[in-house]
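> quick one: sequence plus predicted model below, questions after.
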Amino acid sequence: MSNQAKLRWGIVGAARVNERLLPAIVEASNAELVAIASRRPGAAAETLRKYAPCYPGIHAYDDLETVLTNPDVQAVYLPMANHEHAEWALRAIAHRKHVLVEKPMALTVTDIDAIETAARRYKVKVMEGFMYRFHPQHVRVMEILRSGMIGEVRSVRASYSFMMRPARMYRLAEHVERGGGAMWDIGCYAIHSLRMFFEQPPLAVTAMAKYVESGADISTSGILDYGDGRFAHFDFSFERARRCEYEIVGTQGGLKCHVVWQLPGDVPVISWWTEDGRQVEERMPASNHFKLEIEHFSDCVLNDREPALSLDDARDNCRVIVAALESAANGQVAKI
């Protein structure tokens, strides 16, 4: 076990997600924020002023590479554009930094393979940043499923959407092949959450999408086929009212997680029902899944444990996403 009490972090990019992630690092019990950098002059310093005004001594740089070469930084968080994740993960790993990569880890399975090879060579930890998985409400969901109360899982549905604001139009600026659009932004969450509830990978996927001029998808829906009549339905959009939920239907009942992306002060609600007439609504204590994610990854590094979200998981998620995009593009079922 390491004698260090805290893992020293750097942030490579002043992206909007720092509104949640940066405070999570400074508040985590086993983490310390050392530096943040942005290519936009002054953006890193402004991000610190906005989200960590009471924490002096954190370095702000206008050059991303400076964080990677800082010897005090042990781990980095990468929140830049989707198509840059793999490149900068490999750069960080080459500097022997442990890496938490904002989702998606990469746009191809080949890139994830390269990240895994580099991580093994330099003996560092790497994890894809699906923060929602660290919220206790999903642990409770799995407890209910394993209890057998709703029987065998036969169908799952995940819906993720919000109306795109003008300030967020950059999400549609790039073609899907460059990581633009709803699939790589919120669809990866839908695919990832659906995969929790089946023990094996899907056999095939059928998807349909609406595209904007750039070639980015603004709305996508589809079905994952797990065989034997078991299906997982996904639906996500930048032009629909806010939804962030999943629902599971089994042979003896069903379960719903009402809000997947919890804010720190939100009260999580899980409801479930059974064929024999039971209907239950469970409310859980509020929890900050960003902070829990940081504490988990920091613990993995400090105590040499494997992250809960493995590179195999990242690879499997990417494989399904790529197949879904292929299906939407050519109008045919894509085998996985």
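Cool, got the structure.
> okay, domains of the protein per the record?
The chain breaks down by automatic domain parsing into domains covering 7-132, 135-290+318-335.
> so for C300, which of the ones you listed sits nearest?
With C-beta to C-beta as the measure, domain 7-132 is the member of those nearest C300 (5.4 Å). (Glycine included, C-beta is placed from N, CA and C.)
> straight-line length of that closest one, end to end?
End-to-end distance of domain 7-132 (C-alpha to C-alpha, to the nearest Å): 21 Å.
> related to what we said a few turns ago, so which of the domains of the chain is nearest H296?
domain 7-132 (8.4 Å).
> out of the domains of the chain, nearest to D299?
Of all the domains of the chain, domain 7-132 comes closest under C-beta to C-beta, at 6.1 Å.
> so for the closest one, mean pLDDT?
For domain 7-132, mean pLDDT rounds to 97.
> residues touching V109, list them.
Taking C-beta atoms under 8 Å, 6 or more residues apart in numbering, we find V109 in contact with R315, C318, R319, V322.
> still on that earlier bit, ranking the domains of the chain by burial, who's on top?
Using mean count of other C-beta atoms under 10 Å, the stretch among the domains of the chain with the largest mean neighbour count is domain 7-132, at a mean of 20.
> coming back round to it: and the domains of the chain: which comes nearest L309?
Comparing the domains of the chain by C-beta to C-beta, domain 7-132 comes nearest, at 5.2 Å.
> before we move on, back to that, got the domains of the chain as a markdown table, with distance to E306 columns?
Below are the domains of the chain laid out as a markdown table (distance: least, C-beta to C-beta, whole Å):
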| stretch | distance to E306 |
| --- | --- |
| domain 7-132 | 8 |
| domain 135-290+318-335 | 18 |
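> doesn't Y160 lie inside a strand?
Yes. Under DSSP: H, G, I helix; E, B strand; the rest coil, Y160 falls within a strand.
> that one against I191, yeah?
No. The pair Y160 / I191 is not scored as a contact, 10.0 Å apart, by C-beta atoms under 8 Å.
> mind listing the helices for the chain?
For the chain, applying DSSP state H gives helices covering 18-27, 43-51, 64-69, 85-94, 109-122, 136-147, 182, 188-195, 289-302, 311-330.
> identify the residues contacting E295.
Per C-beta under 8 Å, 6+ apart, neighbours of E295: A28, S29, N30, A31.
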